[in-house]
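*Asks:* Sequence below, structure please.
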Amino acid sequence: MRISSSQYFNLNVASMSDQQSTLASMYQQISSGKRILTASDDPLGAAQAVQLTLKSGALAQYATNQTTALSSLQQEDSTLSGVSDVLQSIKTQITHAGDGSLTDSDRSAIANAMQGLRDQLFGLANTTDSSGNYIFSGLKGGTAPFSNDPSGVGANYSGDFGQRTVQISDGRSMIVGDTGVSIFQSVSPIESDPVSHAGAANSGTGTISPVSVSDTTDKGNASQYTVTFSVSPTDGTTSYSITSNPADATLPTNVAYKDKADIKLGGQKVTIAGAPADGDTFTVQPASTENNDIFATIDNIVNALKQPTGSPQAQAALTNALTTAGTKIDNTFNNVLSAQTVVGGREQEVQSTQTAMATSQTQTASDIANLTSIDLVSSISQYELTQNSLQAAQMAFSQIQKMSLFDYIGGG
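*Replies:* Sure thing, here's the model as predicted:
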């Protein structure tokens, strides 16, 4: 096969041109540190790199979400700790107010102290985050959750009942906020005691104890009980009858009253002391059926502490108010602790997810680097080898292209 001079020259030029193109591509790879610069460099690898890059972007967004979620949960946790501290202080004040040696002036001072604690609690209930959103307003972050009732007793909730969530991983959204109603106007169904009340119109000196539950499985504990007293106009003897809602025809009626004797109500009991007047009533009901607005509870006990106690009847009314308030505040306190436990569990889950996802991010970044990055030492060596090969080819071609038949004849 004969090869003409022009063919020979063209073949050598094409070969050197390919080598120059390869050198240019290798230079770009070395300067960028990337093995795949265009999809044509490695179509399969490029497709895998795109998938890994998308995954890396999603992981980065989840990491941002996790930080946001953890920040929100930590703020709620801190706020609930503050709420617990205030409630504990209120409980201490109620215990102090029960001291029979106190004067009306002393109790008025306690009432003022409790009013200050109530204001602190109200501020905590309207806590905002770093963006100015109220953390206990549900999904209405721009609306203050609580405002004082115009009547002067209790607070009104203006938020909604939605719970804010943040997606912290594929398929997992985390609740990062609780509603104000669930914290400040509700009780835990498990950690709450039944509440005893004295009738507002009572005129005797009867006082009711906190409720003691002896059988938590008794279905009667779900009922509301009313103990109504009667005083005989003829002999002055006192008796009581018990009714319930729902009605129970088996409940006793016209039972002779004995001071400080236990009165059984389903699987629970109370004691009533003193001298109830004719028509006086006392009630016992499940905590869940109560008005559990903690602000109303505090307002009511503050008002009770400001009343003079110059008569046995007034002293009995204060004792009953303290008993009722003590149980209700205990119930709210336990509810806050339960909520704080849940929030703490959420924090732990977010932190565990952060740890696991950090490992996944590191592995994904490594996979991308292994797929797209170059081995710099090996690439530079290959570049120099190719460059030397090109230079040798160029020198050889330069010498060969000077040769011709006339040079051969002339040399002969």
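
*Asks:* Going by C-alpha atoms from here, please, whenever you check contacts or count neighbours.
*Replies:* Will do.

*Asks:* Let me know the helix or strand that residue 277 is in.
*Replies:* Using DSSP states H and E, residue 277 sits in no helix or strand.

*Asks:* what about the strands in this structure?
*Replies:* 146-148, 155-157, 165-169, 172-175, 195-198, 207-208, 212-213, 224-231, 238-245, 255-256, 262-265, 268-273, 281-285 (DSSP state E).

*Asks:* Nearest to residue 69, out of these?
*Replies:* strand 165-169 (6.3 Å; Cα to Cα).

*Asks:* Adding distance to residue 340, write the strands of the chain out as JSON lines.
*Replies:* Shown next, in JSON lines, are the strands of the chain (distance: least, Cα to Cα, whole Å):
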{"stretch": "strand 146-148", "distance to residue 340": "20"}
{"stretch": "strand 155-157", "distance to residue 340": "21"}
{"stretch": "strand 165-169", "distance to residue 340": "17"}
{"stretch": "strand 172-175", "distance to residue 340": "13"}
{"stretch": "strand 195-198", "distance to residue 340": "23"}
{"stretch": "strand 207-208", "distance to residue 340": "32"}
{"stretch": "strand 212-213", "distance to residue 340": "26"}
{"stretch": "strand 224-231", "distance to residue 340": "30"}
{"stretch": "strand 238-245", "distance to residue 340": "34"}
{"stretch": "strand 255-256", "distance to residue 340": "45"}
{"stretch": "strand 262-265", "distance to residue 340": "33"}
{"stretch": "strand 268-273", "distance to residue 340": "29"}
{"stretch": "strand 281-285", "distance to residue 340": "26"}
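
*Asks:* now these in JSON lines, with mean neighbour count, distance to residue 326 and mean pLDDT?
*Replies:* Output for these, formatted as JSON lines (neighbours: other Cα atoms under 10 Å; distance: least, Cα to Cα, whole Å; pLDDT from 0 to 100):
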{"stretch": "strand 146-148", "mean neighbour count": "16", "distance to residue 326": "22", "mean pLDDT": "96"}
{"stretch": "strand 155-157", "mean neighbour count": "19", "distance to residue 326": "19", "mean pLDDT": "96"}
{"stretch": "strand 165-169", "mean neighbour count": "18", "distance to residue 326": "35", "mean pLDDT": "86"}
{"stretch": "strand 172-175", "mean neighbour count": "16", "distance to residue 326": "32", "mean pLDDT": "88"}
{"stretch": "strand 195-198", "mean neighbour count": "24", "distance to residue 326": "9", "mean pLDDT": "96"}
{"stretch": "strand 207-208", "mean neighbour count": "24", "distance to residue 326": "13", "mean pLDDT": "97"}
{"stretch": "strand 212-213", "mean neighbour count": "18", "distance to residue 326": "14", "mean pLDDT": "94"}
{"stretch": "strand 224-231", "mean neighbour count": "21", "distance to residue 326": "19", "mean pLDDT": "97"}
{"stretch": "strand 238-245", "mean neighbour count": "19", "distance to residue 326": "24", "mean pLDDT": "96"}
{"stretch": "strand 255-256", "mean neighbour count": "13", "distance to residue 326": "29", "mean pLDDT": "96"}
{"stretch": "strand 262-265", "mean neighbour count": "18", "distance to residue 326": "20", "mean pLDDT": "95"}
{"stretch": "strand 268-273", "mean neighbour count": "18", "distance to residue 326": "15", "mean pLDDT": "97"}
{"stretch": "strand 281-285", "mean neighbour count": "22", "distance to residue 326": "14", "mean pLDDT": "97"}
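
*Asks:* number of nearby residues for the closest residue in space to residue 297 that isn't next to it in sequence?
*Replies:* Counting by Cα to Cα, 6 or more residues apart in numbering, residue 297 lies nearest to residue 325, which is 6.1 Å off, once chain neighbours are set aside. For residue 325, the neighbour count with other Cα atoms under 10 Å is 24.

*Asks:* thinking residue 325 is in contact with residue 301, fair?
*Replies:* Yes. At 6.5 Å, residue 325 counts as touching residue 301 under the criterion of Cα atoms under 8 Å.

*Asks:* Among the strands of the chain, which comes closest to residue 76?
*Replies:* Among these, if distance is taken as Cα to Cα, the winner is strand 172-175, at 11.5 Å.

*Asks:* Run through the neighbouring helices and strands of the closest one.
*Replies:* strand 165-169, helix 312-372 (3 or more Cα pairs under 8 Å, 6 or more residues apart in numbering; DSSP states H and E).

*Asks:* bridging residues for residue 244?
*Replies:* Counting by DSSP bridges, residue 244 forms beta bridges with residue 225.

*Asks:* Let me see the contact set for the residue nearest the centre of the chain.
*Replies:* The residue lying closest to the centre of the chain (Cα atoms, centre = their mean) is residue 176, at 3.8 Å. Residue 176 sits next to 69-70, 72-73, 163-166 when contact means Cα atoms under 8 Å, 6 or more residues apart in numbering.

*Asks:* Also residue 228?
*Replies:* 240-242, 279-282.

*Asks:* how about 10 Å then?
*Replies:* 199, 239-243, 253-254, 276-283 (Cα atoms under 10 Å, 6 or more residues apart in numbering).

*Asks:* Which one of the residues you listed is nearest to residue 139?
*Replies:* Nearest to residue 139 among the contacts of residue 228, with distances taken as Cα to Cα, is residue 283, at 37.5 Å.

*Asks:* Could you double-check that that closest one sits in contact with residue 224?
*Replies:* Yes. With contacts counted by Cα atoms under 10 Å, residue 283 reaches residue 224, the gap being 7.2 Å.
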